[in-house]
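J.: Need a 3D model of the following:
(chains A and B)
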Amino acid sequence: MKIRNEEMKVSVLALAVHFALLLTVAFPLSAHADEDEADALKHFINSVEFGALYSSQDSAKFGEYSGLEERGFYGLGGFDVRGGKGYDSEDSALRWKLNGADLGTTSRTLGGSVSDQGKWKLNLGYDELRHNITDTYQTPLQGDTGGNNFNLPENFGTINSAVTPANNPPPSTRALNPNQLFDFHTEKEYTTRRNGSVGTSYSFTPQLTGQIDYNHLDQSGAKLIGTGSQGGIDLLGGSTGRAEAVNIIMNPTNYTTDNVNAALNWVGDKGHLTGGYYGSIFHDDYNSLSWQSAQASGASACSGTNCYVNNNMSTAPSNSLHQANLTGGYAFTPVTKLAGGFSYGYNWQNDSYAPVSILQVRGNTPNPYNMMQQNGLPASSLNGQVETIHGDLKLTNQSIKDLTLSAGYKINERNNNSDSDTYNYINIANDSYTGVNTPYSNRKMQYEAAAAYRLTKGQSLTLAYEHENLKRWCNGVVGSAQCVASPSSDEDKIDLTYRLKAFENVNFNAGYIYSNRRADLDDIYLANSGNYAVRTPATSSSVLNGGNFQGFVAYPYASRNQNMGKAGVNWQVTQKLDLGLNGRYAYDDYDATLGVQNGQSAGVNVDATYSYTENNSVSAYWSWQNGQRNLRSGGTPAPAAFTVPTGIWTNNLEDNSNAVGLLTRHGGLLNGKLEIIGDFSYSLDESTYSTQVPYDPACGSTTGASALTCGTLSPINNQLISLKLTGNYKVHKNGKISLAYIYQKLNSNDYFYNGTQFGYTPSRVMPTGLQEQDYTVNVVALSYNYAFQ
Amino acid sequence: MKIIIKIIMLSGLLFASAHAENTPTTVGEAPAKSPAQAQELDRDSVCTNCHDENENKPILAIYQTAHGNKADTRTPSCQSCHGESEKHLSSKSEAPDVIFGSKKGAFAPNDAKEQNTTCLTCHDNDQKRTHWQGSAHQAADVACTSCHVSHAAHDKVRDKKTQPGVCFTCHNDQRAQVRKFSHHPIAEGKVACADCHNPHGSAGPKLLAKNTVTETCYTCHAEKRGPYLWEHQPVTEDCTNCHTPHGSNITPLLKSRAPFLCQECHDGPHRSINPVAGDAAGIQGGITSPTLPSENFTGRACMNCHSLVHGSNHPAGALLQR
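T.: Coordinates of the predicted model:
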């Protein structure tokens, strides 16, 4: 037994030694656990996410920017991976990261960067966005979305678009025959942007760094555009094409834009200077858009391709901008600083004009049809050149205790040196027209001075004054005609702001702005809005006053008084509870016999946030906004030249918006494993037009011609309800499952769509069947997120 | 018995080695630091001895950011921003020299000017902040930390998806506007406030990043830049003559709709002289008149024909129809 006891003793000793060894490993583990938690905070956390999402309804509006425009399943994917040296690395500050989001949708992004902090950096990025516009557009025209040529089916036949619908035997725009209705098909309207970018920066010395950024934006798709068809085109069957007949067609957005930003930055002890270049090259794959119109001026037996008018219009011209920039600042003393900048830009456009001679159907004379009168085309392109100049200087001084003074000057000029010429052509109403292009230029100079005085520790008053002078002109207009309504204006603005920290937890601010604009007016100016061939004063609606009646001033060019007031208070009730209230009101008064008379806008915002722990909170907000605009105009009966009209009418626009939001975040549930986030919002926006016609005694009737001209339109009403609930459950230390539910409902009522419906269009507008964009969508998303270091 | 002991030891070693795999290898195992770095880390440890992983706020997460990359000799220590704070080191009831933030916590934050002076020690003399002095945010006593969070791994205002939420803390009107029927994809995280604005100050109006409104818009909408053969004057001066960029009830981002929008500047020729009501609503608007609605006022109204409102480059397009 003794042997056994000795064996036991040895065994116990061995155990003790072994246990001690274990302790040397195990005990640092518990101290190591604290270090692990600290290290987890100090070192990068990477994540990878993948999952799936289901959307319950097709809706271009719901998927407008989200990429969820179709009912069905979508993949979810994202990642954020970082690496490089840790925070305490001794040999290099090299760090890199790669990230991606929304990979399963058409709004995906990818990015990456690598840098040796303080020395150099390289960025790469890719961003995609599909803007879904509508999925209810219908057209008989054949041609792909993104194309620039749209033709009618050969057997579509003619459409009688005479003025009086009662006399129109079908087919008419409101009574298409079955064959024509069959040719209509639905096209989804959308544009897609794909943006790739690369950028780098390098520090040559601690004082001198350089950087270059380049991005290439590729756009495709189309947007809808209205068109007016050419009049005076003979068709077989004894009819002519209906002038100004309207077809809504797809305008391609096949663009690329290349932007380059390059800069050299120098930093000294007292100042800094940046010299840079910005280049933007825009290219449009097309310079014209062509389509066919089947609308004729009367009944016709025409059938087949000889029933259509061939039209074209221009698209956005390719152009470029090259801009040199210089900005910098200098501190004369620690309390006196000067900052400023200068830039010069050259914008050029010389795209070939769209074809003016178009082959028309057999039977038309002459053929091809030339939109220009004889010798009416002075050039084949514009050779458009615009110089932009900017300069600014600002001096600030704080040498007097509690007083900050500043004074500044700014100038911005757009100088359009494009050629002005006379273009004699035939307009779409089939009238001879003389157009003289007027290249618009403007220069704005601003002088400002401000003083901010600290009345007491928590109280300050700021007074600012600004004077603005604006000049407008056109260079080299044919015949030296005045081309703008207001060649110059001067505006003075005073801004007073008061801030008070009433108690330690209460901040109050209030402000008032008054501005007075005096505009010089020239009501005999000749804009390119009128027919230069008809310039006799005896013609009351001639081009004088830019084609407007006497006394009418477009509001951007009218004299104006502006009054704005605002106030707000923020109260940190406790460390957990914050409350905020702010409001504003503005009133604009225009000096114009006719035109916009006045406008006002107001808003109130209420916010509350309760953070009951560091990561748990509830917040709510309410926003109300109101805007009104009052317009006065007239022209019936048409007065003599230089005479203010007597038949005056008014139009009022009122916008009302209410938005409510509630956001809650609650974590730490189920032993810290579950977090719930809720996001609810509701908004109601209404825009209402109301027209009064005092000279019409029948105004107010719902029947008769008066109903068309006076009364209140049904409001443009959009009501959006959105609810998002997300639950994040930590299944283990590095992984969590997220389950999200989204409910979104849009109720939209808009009279805009009435005139596009089959059977309800005006007599010379082809229907498109566009629908209001209501939707009710439910989305469920499930994803797994794995985090690691 | 021996077998049991071995099993216990083996388990312990396995546990320890598994844990070691998950433990970053830098702390406690890093090679010897350069003297300057060691000094910086020692300075930080004066603070991090107390402000450690048990803080409610993620203090240590700053080491994941540029502010915590010690291999960059410009990187500050805790005291570089918060001051030496001798009193605070002596007694927790005394405040550090510089406290950042806009809300009162254990101590009231320093005023915005004092906070910003600290940040501008390094971040002044920078092309992005050339116009900070005298800018709208500076004059409104906005502190850098009103928007930026330097101690968190993720600074929300520097991320396109989360940046608008930071701006909406103060800019409540825009918070409501971006959710309107017609809007830029701001709430969707594809356009951020800083894509158009420079919150640190700028020479442009309303803190726009570029010199003018039109220059800012042309950055993404270069197809509107022209110059066109036939220009529309208000377009050449200011896009906000017709558009409201944060959001509108009327698509596309319009202040008003044709024909009423056009009638604010045009009174003749053609149909801009006519008052409009039921004509715009069409037949479904309840009109029972024998006179049917007109293409001049229904649907796109003026823009049924005058559709090239941003300008036309067609020789026969003076009236912006081609």
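
J.: Flag the shaky bits of chain B, pLDDT-wise.
T.: B:1-39, B:269, B:288-291 (pLDDT under 70).

J.: rerun at 50
T.: B:2, B:5-31 (pLDDT under 50).

J.: The residue nearest to A:Leu208 when sequence neighbours are not counted bridge partners, please.
T.: Using CB to CB, 6 or more residues apart in numbering or on different chains and skipping the chain neighbours, the partner closest in space to A:Leu208 is A:Trp266 (5.4 Å). C-beta here means a position set from N, CA and C on the backbone, and glycine is covered the same way. Following DSSP bridges, A:Trp266 is listed with bridge partners A:Leu208, A:Leu273.

J.: so A:Trp266 touches A:Leu326, yeah?
T.: No - contact criterion CB atoms under 8 Å: A:Trp266 and A:Leu326 do not qualify, at 11.3 Å.

J.: Residues that sit against both of those two, list them.
T.: A:273-274 (CB atoms under 8 Å, 6 or more residues apart in numbering or on different chains).

J.: State the distance from the residue nearest to A:Leu208 to A:Gln323.
T.: 20 Å (CB to CB, to the nearest Å).

J.: who's in contact with A:Ala263?
T.: By CB under 8 Å, 6+ apart, the contact set of A:Ala263 is A:210-212, A:274-277, A:325, B:127.

J.: Same question for B:Asn296.
T.: B:259, B:270-271, B:274, B:279, B:302, B:304.

J.: let's see 10 Å
T.: With contact taken as CB atoms under 10 Å, 6 or more residues apart in numbering or on different chains, B:Asn296 is in contact with A:244, A:762, B:258-259, B:270-272, B:274, B:276, B:279-280, B:302, B:304-305.

J.: can you redo the residues you listed as CSV with neighbour count and distance to B:Asn172?
T.: Output for the contacts of B:Asn296, formatted as CSV (neighbours: other CB atoms under 10 Å in any protein chain shown; distance: CB to CB, whole Å):
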residue, neighbour count, distance to B:Asn172
A:Glu244, 21, 46
A:Pro762, 23, 42
B:Ala258, 24, 31
B:Pro259, 26, 33
B:His270, 17, 42
B:Arg271, 19, 40
B:Ser272, 23, 37
B:Asn274, 22, 40
B:Val276, 28, 35
B:Asp279, 29, 38
B:Ala280, 27, 33
B:Cys302, 23, 35
B:Asn304, 28, 38
B:Cys305, 25, 41
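
J.: higher neighbour count, A:Trp266 and A:Gln323?
T.: Each of A:Trp266 and A:Gln323 has its neighbours counted (other CB atoms under 10 Å in any protein chain shown); A:Gln323 has more, 20 against 16.

J.: can I assume A:Asp144 is in contact with A:His185?
T.: No - if you go by CB atoms under 10 Å, A:Asp144 and A:His185 don't touch, sitting 11.9 Å apart.

J.: mind showing which ranges of the stretch 151-300 of chain A have poor pLDDT?
T.: In the stretch 151-300 of chain A (pLDDT under 50), no residue qualifies.

J.: right, I mislabeled it, should have said the stretch 1-150 of chain A
T.: A:1-31.

J.: in it, which spans are helices?
T.: Listed in chain order, the helices of the stretch 1-150 of chain A (DSSP state H, counting those that start in this stretch) span residues A:2-42.

J.: just the strands in it please.
T.: A:46-55, A:72-84, A:94-101, A:109-116, A:120-139, A:149-150 (DSSP state E, counting those that start in this stretch).

J.: For chain B, what's its nearest residue on the stretch 401-550 of chain A.
T.: A:Gly435 (3.2 Å; CB to the nearest CB).

J.: Surely that residue is in contact with A:Tyr425?
T.: Yes - using CB under 10 Å, A:Gly435 is in contact with A:Tyr425, at 6.9 Å.

J.: which of those two has more neighbours?
T.: Applying other CB under 10 Å to A:Gly435 and A:Tyr425 shows that A:Gly435 carries more neighbours, namely 25 against 22.

J.: Could you give the secondary structure assignment for the nearest residue to that one once chain neighbours are set aside?
T.: Closest residue to A:Gly435 apart from its sequence neighbours, by CB to CB, 6+ apart: B:Ala318 at 3.2 Å. Of the three states, B:Ala318 takes coil according to DSSP: H, G, I helix; E, B strand; the rest coil.

J.: pretty sure B:Ala318 is in contact with A:Ile428, am I right?
T.: No - applying CB under 10 Å, one finds B:Ala318 not in contact with A:Ile428, separated by 11.3 Å.

J.: which residues in the stretch 51-200 of chain B form helices?
T.: Under DSSP H, counting those that start in this stretch, the stretch 51-200 of chain B gives helices at B:78-82, B:86-90, B:112-123, B:136-139, B:144-147, B:163-167, B:172-177.

J.: Those helices: which one's closest to chain A?
T.: So among the helices of the stretch 51-200 of chain B, helix B:172-177 is nearest, using CB to the nearest CB, at 3.6 Å.

J.: picking that back up, give the next helix or strand downstream of the helix or strand where the residue of the stretch 401-550 of chain A closest to chain B lies.
T.: Here A:Gly435 sits within strand A:432-436, counting by DSSP states H and E. Following strand A:432-436 in sequence order, the next helix or strand is strand A:440-456 (DSSP H and E).

J.: can you pull the buried residues of stretch A:228-247?
T.: A:228-237, A:239-247 (16 or more other CB atoms under 10 Å in any protein chain shown).

J.: repeat for stretch A:122-129
T.: Quick answer for stretch A:122-129 (16+ other CB under 10 Å): A:125, A:127-129.

J.: now swap in stretch A:624-641 and tell me
T.: A:624-625, A:627-636, A:638-639, A:641.

J.: Need the residue closest to the centroid of chain A.
T.: The centroid of chain A falls nearest to A:His131 when counting by CA atoms, centre = their mean (11.8 Å).

J.: Now do the same contact list for that one.
T.: Counted by CB under 10 Å, 6+ apart, A:His131 has contacts A:60, A:63-65, A:106-107, A:189-193, A:219, A:221, A:223, A:253, B:185, B:190.

J.: Please name the bridge partners of A:Gly111.
T.: Going by DSSP bridges, A:Gly111 is paired in beta bridges with A:Asn99, A:Gly125.

J.: Cheers, nothing more for now.
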